[in-house]
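Student: next input, structure requested:
(one chain, ligands or ions: 1)
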Amino acid sequence: MILETERLTLRPYRDSDTAAVHAYKSDPVVSRFADFEPHSPDDTERFVAFTQDASHDVMSLAVTIRGEDVVIGGVACWPTEPGVYEMAWEFRRDAWGHGYATEAAKALLGAVAATGSARSFVAHCQPENRASVRVMEKLGMALVRSGRLDRESKGQLVDTSYFEVEAPTSGSVPA
Ligand SMILES: CC(C)(COP(=O)(O)OP(=O)(O)OC[C@H]1O[C@@H](n2cnc3c(N)ncnc32)[C@H](O)[C@@H]1OP(=O)(O)O)[C@@H](O)C(=O)NCCC(=O)NCCS
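Tutor: Numbering: from 1, shown residues only. Presented below is the predicted three-dimensional model:
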(Lines give C-alpha, C1' and ligand atoms only; values in the text may rest on other atoms or scores of the structure.)
Protein backbone atom coordinates (compact mmCIF):
# COMPACT_ATOMS: atom_id res chain seq x y z
CA MET A 1 0.00 0.00 0.00
CA ILE A 2 1.26 3.48 -0.87
CA LEU A 3 -0.47 6.56 0.52
CA GLU A 4 0.18 10.18 -0.36
CA THR A 5 -0.79 13.07 1.90
CA GLU A 6 -0.22 16.78 1.42
CA ARG A 7 3.37 16.53 2.71
CA LEU A 8 4.14 12.84 3.12
CA THR A 9 4.46 9.54 1.31
CA LEU A 10 3.65 6.36 3.25
CA ARG A 11 5.05 3.22 1.66
CA PRO A 12 6.34 -0.24 2.57
CA TYR A 13 9.79 -0.38 4.20
CA ARG A 14 12.71 -1.40 1.99
CA ASP A 15 15.96 -3.09 3.04
CA SER A 16 17.74 0.11 2.00
CA ASP A 17 15.79 2.03 4.69
CA THR A 18 17.54 0.16 7.50
CA ALA A 19 20.10 2.87 8.33
CA ALA A 20 17.50 5.63 8.35
CA VAL A 21 15.18 3.56 10.51
CA HIS A 22 18.03 2.65 12.86
CA ALA A 23 18.74 6.36 13.42
CA TYR A 24 15.51 6.66 15.41
CA LYS A 25 15.00 3.05 16.57
CA SER A 26 18.35 3.34 18.39
CA ASP A 27 17.52 6.72 19.97
CA PRO A 28 16.71 6.32 23.70
CA VAL A 29 14.63 9.51 23.61
CA VAL A 30 12.40 8.01 20.90
CA SER A 31 12.00 4.73 22.80
CA ARG A 32 11.48 6.39 26.20
CA PHE A 33 7.70 5.79 26.30
CA ALA A 34 7.63 3.06 23.65
CA ASP A 35 7.54 -0.65 24.38
CA PHE A 36 10.97 -1.28 22.85
CA GLU A 37 14.49 -0.73 24.12
CA PRO A 38 16.84 1.27 21.88
CA HIS A 39 17.55 -1.04 18.96
CA SER A 40 20.83 -2.69 18.09
CA PRO A 41 21.57 -2.83 14.33
CA ASP A 42 20.35 -6.46 14.37
CA ASP A 43 17.11 -5.43 16.07
CA THR A 44 16.49 -2.85 13.36
CA GLU A 45 17.19 -5.35 10.60
CA ARG A 46 14.70 -7.71 12.22
CA PHE A 47 12.16 -4.89 12.49
CA VAL A 48 12.45 -4.02 8.80
CA ALA A 49 12.17 -7.72 7.90
CA PHE A 50 9.08 -8.03 10.13
CA THR A 51 7.36 -5.17 8.30
CA GLN A 52 7.99 -6.98 5.00
CA ASP A 53 6.68 -10.35 6.23
CA ALA A 54 3.25 -10.94 4.70
CA SER A 55 2.41 -13.83 7.05
CA HIS A 56 1.07 -11.54 9.82
CA ASP A 57 -1.57 -8.82 9.70
CA VAL A 58 0.39 -5.85 11.05
CA MET A 59 0.35 -3.15 8.40
CA SER A 60 3.50 -1.07 8.82
CA LEU A 61 4.27 1.87 6.58
CA ALA A 62 7.45 3.91 6.39
CA VAL A 63 6.92 7.65 6.23
CA THR A 64 8.97 9.96 4.03
CA ILE A 65 8.61 13.61 3.13
CA ARG A 66 7.16 13.74 -0.38
CA GLY A 67 9.95 13.92 -2.90
CA GLU A 68 12.64 13.00 -0.35
CA ASP A 69 13.04 9.25 -0.10
CA VAL A 70 14.43 9.20 3.45
CA VAL A 71 12.38 7.49 6.13
CA ILE A 72 11.57 9.88 9.01
CA GLY A 73 9.25 7.57 10.91
CA GLY A 74 6.60 4.95 10.70
CA VAL A 75 2.96 4.22 11.41
CA ALA A 76 1.36 0.85 11.96
CA CYS A 77 -2.12 -0.59 12.25
CA TRP A 78 -3.30 -4.11 13.08
CA PRO A 79 -6.54 -5.83 14.06
CA THR A 80 -6.82 -6.78 17.72
CA GLU A 81 -10.28 -8.33 17.32
CA PRO A 82 -12.74 -8.37 14.44
CA GLY A 83 -13.45 -4.75 13.44
CA VAL A 84 -11.04 -3.18 15.95
CA TYR A 85 -7.70 -1.85 14.74
CA GLU A 86 -4.88 -0.68 16.96
CA MET A 87 -2.54 2.07 15.77
CA ALA A 88 1.01 3.10 16.67
CA TRP A 89 3.54 5.68 15.47
CA GLU A 90 7.16 6.68 15.93
CA PHE A 91 9.23 9.41 14.32
CA ARG A 92 12.80 10.61 14.22
CA ARG A 93 13.35 13.20 16.92
CA ASP A 94 14.17 16.06 14.55
CA ALA A 95 10.90 15.41 12.71
CA TRP A 96 8.74 15.95 15.82
CA GLY A 97 6.42 18.91 16.16
CA HIS A 98 5.49 19.36 12.50
CA GLY A 99 2.24 17.44 12.56
CA TYR A 100 3.74 14.53 10.62
CA ALA A 101 2.59 11.78 12.99
CA THR A 102 -0.98 13.06 12.89
CA GLU A 103 -0.92 13.48 9.10
CA ALA A 104 0.47 9.98 8.56
CA ALA A 105 -1.81 8.29 11.10
CA LYS A 106 -4.87 10.01 9.64
CA ALA A 107 -3.96 8.72 6.19
CA LEU A 108 -3.52 5.15 7.42
CA LEU A 109 -6.69 5.29 9.52
CA GLY A 110 -8.60 6.61 6.51
CA ALA A 111 -7.23 3.92 4.22
CA VAL A 112 -8.12 1.11 6.62
CA ALA A 113 -11.55 2.66 7.25
CA ALA A 114 -12.10 2.80 3.49
CA THR A 115 -11.82 -0.99 3.30
CA GLY A 116 -15.02 -1.16 5.35
CA SER A 117 -13.51 -3.71 7.74
CA ALA A 118 -13.06 -1.38 10.73
CA ARG A 119 -15.63 -0.65 13.41
CA SER A 120 -13.22 1.35 15.56
CA PHE A 121 -9.60 2.38 15.99
CA VAL A 122 -7.76 2.23 19.29
CA ALA A 123 -4.40 3.35 20.58
CA HIS A 124 -2.71 3.53 23.95
CA CYS A 125 0.25 5.20 25.53
CA GLN A 126 1.70 6.15 28.87
CA PRO A 127 -0.11 9.28 30.08
CA GLU A 128 3.23 11.12 30.34
CA ASN A 129 3.66 10.73 26.58
CA ARG A 130 1.84 13.99 25.90
CA ALA A 131 2.79 14.13 22.22
CA SER A 132 1.26 10.71 21.61
CA VAL A 133 -1.85 11.65 23.60
CA ARG A 134 -2.20 14.72 21.35
CA VAL A 135 -1.86 12.63 18.21
CA MET A 136 -4.70 10.42 19.47
CA GLU A 137 -6.84 13.46 20.24
CA LYS A 138 -6.14 14.96 16.82
CA LEU A 139 -7.26 11.67 15.26
CA GLY A 140 -10.60 12.25 16.98
CA MET A 141 -9.91 9.59 19.60
CA ALA A 142 -11.31 9.91 23.13
CA LEU A 143 -9.88 8.57 26.36
CA VAL A 144 -11.90 5.49 27.27
CA ARG A 145 -9.88 4.09 30.18
CA SER A 146 -6.95 5.00 32.41
CA GLY A 147 -5.03 2.01 33.68
CA ARG A 148 -2.90 2.21 36.82
CA LEU A 149 0.24 0.08 36.56
CA ASP A 150 -1.78 -2.25 34.35
CA ARG A 151 0.63 -2.97 31.52
CA GLU A 152 4.16 -4.21 31.26
CA SER A 153 6.56 -2.16 29.19
CA LYS A 154 10.25 -2.98 29.07
CA GLY A 155 9.96 -5.18 32.17
CA GLN A 156 8.11 -2.62 34.31
CA LEU A 157 4.46 -2.03 35.05
CA VAL A 158 3.31 1.33 33.68
CA ASP A 159 0.16 3.45 33.71
CA THR A 160 -1.70 3.44 30.41
CA SER A 161 -4.20 5.75 28.73
CA TYR A 162 -6.48 3.93 26.28
CA PHE A 163 -8.08 5.88 23.43
CA GLU A 164 -10.68 4.94 20.85
CA VAL A 165 -12.61 6.42 17.95
CA GLU A 166 -15.37 4.95 15.83
CA ALA A 167 -14.30 4.22 12.29
CA PRO A 168 -15.23 7.19 10.13
CA THR A 169 -17.65 6.66 7.34
CA SER A 170 -16.16 7.33 3.92
CA GLY A 171 -14.93 10.91 3.56
CA SER A 172 -15.40 11.85 7.21
CA VAL A 173 -11.86 11.38 8.59
CA PRO A 174 -11.33 14.46 10.80
CA ALA A 175 -9.36 17.18 8.99
C1 LIG B 1 4.52 10.67 19.48
C2 LIG B 1 5.19 11.18 18.21
C3 LIG B 1 5.06 10.13 17.11
C4 LIG B 1 4.49 12.47 17.77
O5 LIG B 1 5.07 12.88 16.53
P6 LIG B 1 4.85 14.35 15.94
O7 LIG B 1 5.05 14.28 14.47
O8 LIG B 1 5.66 15.32 16.71
O9 LIG B 1 3.32 14.57 16.27
P10 LIG B 1 2.39 15.78 15.76
O11 LIG B 1 3.27 16.95 15.41
O12 LIG B 1 1.45 15.25 14.75
O13 LIG B 1 1.55 16.12 17.07
C14 LIG B 1 2.20 16.26 18.31
C15 LIG B 1 1.32 17.07 19.24
O16 LIG B 1 1.79 16.89 20.57
C17 LIG B 1 2.09 18.16 21.13
N18 LIG B 1 3.18 17.94 22.06
C19 LIG B 1 4.44 17.55 21.78
N20 LIG B 1 5.14 17.45 22.92
C21 LIG B 1 4.30 17.78 23.93
C22 LIG B 1 4.43 17.87 25.34
N23 LIG B 1 5.58 17.59 25.94
N24 LIG B 1 3.33 18.26 26.07
C25 LIG B 1 2.16 18.55 25.46
N26 LIG B 1 1.97 18.46 24.11
C27 LIG B 1 3.04 18.08 23.37
C28 LIG B 1 2.43 19.03 19.94
O29 LIG B 1 2.30 20.40 20.28
C30 LIG B 1 1.37 18.56 18.95
O31 LIG B 1 0.10 19.05 19.29
P32 LIG B 1 -0.56 20.35 18.58
O33 LIG B 1 -0.62 20.03 17.11
O34 LIG B 1 -1.89 20.47 19.23
O35 LIG B 1 0.36 21.49 18.85
C36 LIG B 1 6.69 11.51 18.45
O37 LIG B 1 6.78 12.36 19.57
C38 LIG B 1 7.52 10.27 18.68
O39 LIG B 1 8.01 9.65 17.73
N40 LIG B 1 7.73 9.89 19.97
C41 LIG B 1 8.55 8.73 20.27
C42 LIG B 1 7.86 7.42 19.92
C43 LIG B 1 6.58 7.26 20.72
O44 LIG B 1 6.53 7.61 21.88
N45 LIG B 1 5.57 6.71 20.04
C46 LIG B 1 4.30 6.47 20.67
C47 LIG B 1 4.38 5.30 21.58
S48 LIG B 1 2.80 5.14 22.41
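Student: now the strands for this protein?
Tutor: For the chain, strands defined by DSSP state E occupy the ranges 3-4, 8-11, 59-65, 71-81, 84-91, 120-125, 142-153, 156-166.
Student: between strand 156-166 and the longest one, find me the angle.
Tutor: Think strand 142-153. For strand 142-153 against strand 156-166, the angle by axes from the mean of the first three to the mean of the last three Cα atoms, to 10 degrees is 150 degrees.
Student: could you list the buried residues of strand 142-153?
Tutor: Across strand 142-153, burial judged by 16 or more other Cβ atoms under 10 Å covers no residue at all. From N, CA and C alone the C-beta is placed, and that goes for glycine too.
Student: for the fifth one, same thing?
Tutor: Residues of strand 84-91 classed as buried under the neighbour-count rule (16+ other Cβ under 10 Å) are Tyr85, Glu86, Met87, Ala88, Trp89, Glu90, Phe91.
Student: and the furthest pair within those residues?
Tutor: For these, the farthest-apart pair by Cβ to Cβ is Tyr85 and Phe91; their separation is 20.0 Å.
Student: hey, what's Thr160 bridged with?
Tutor: Gly147 (DSSP bridges).
Student: return the distance of it relative to Asp150.
Tutor: Distance, Thr160 to Asp150, using Cβ to Cβ, to the nearest Å: 6 Å.
Student: surely Gly110 touches Pro168?
Tutor: Yes. Counting by Cβ atoms under 8 Å, Pro168 is a contact partner of Gly110 at 7.1 Å.
Student: which one's the longest helix in this protein?
Tutor: helix 100-114 (DSSP state H).
Student: on that earlier part again, tell me, which of the buried residues of strand 84-91 make contact with the ligand?
Tutor: Trp89, Glu90, Phe91 (Cβ under 6 Å from any ligand atom).
Student: any chance of TSV for those residues, columns pLDDT?
Tutor: Output for those, formatted as TSV (pLDDT from 0 to 100):
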residue	pLDDT
Trp89	98
Glu90	98
Phe91	98
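Student: nearest to Ser26, of the residues you listed?
Tutor: When these are compared against Ser26 (criterion: Cβ to Cβ), the nearest one is Glu90, at 12.0 Å.
Student: for that closest one, give the beta-bridge partners.
Tutor: Note on Glu90: beta-bridge partners by DSSP bridges are Gly74.
Student: got the contact list for it?
Tutor: Contacts for Glu90 were tallied using Cβ atoms under 8 Å, 6 or more residues apart in numbering; they are Tyr24, Lys25, Val30, Ala34, Gly73, Gly74.
Student: contacting residues for the fourth one?
Tutor: Spelled out, it's Ala34. Ala34 makes contact with Glu90, Ser153, according to Cβ under 8 Å, 6+ apart.
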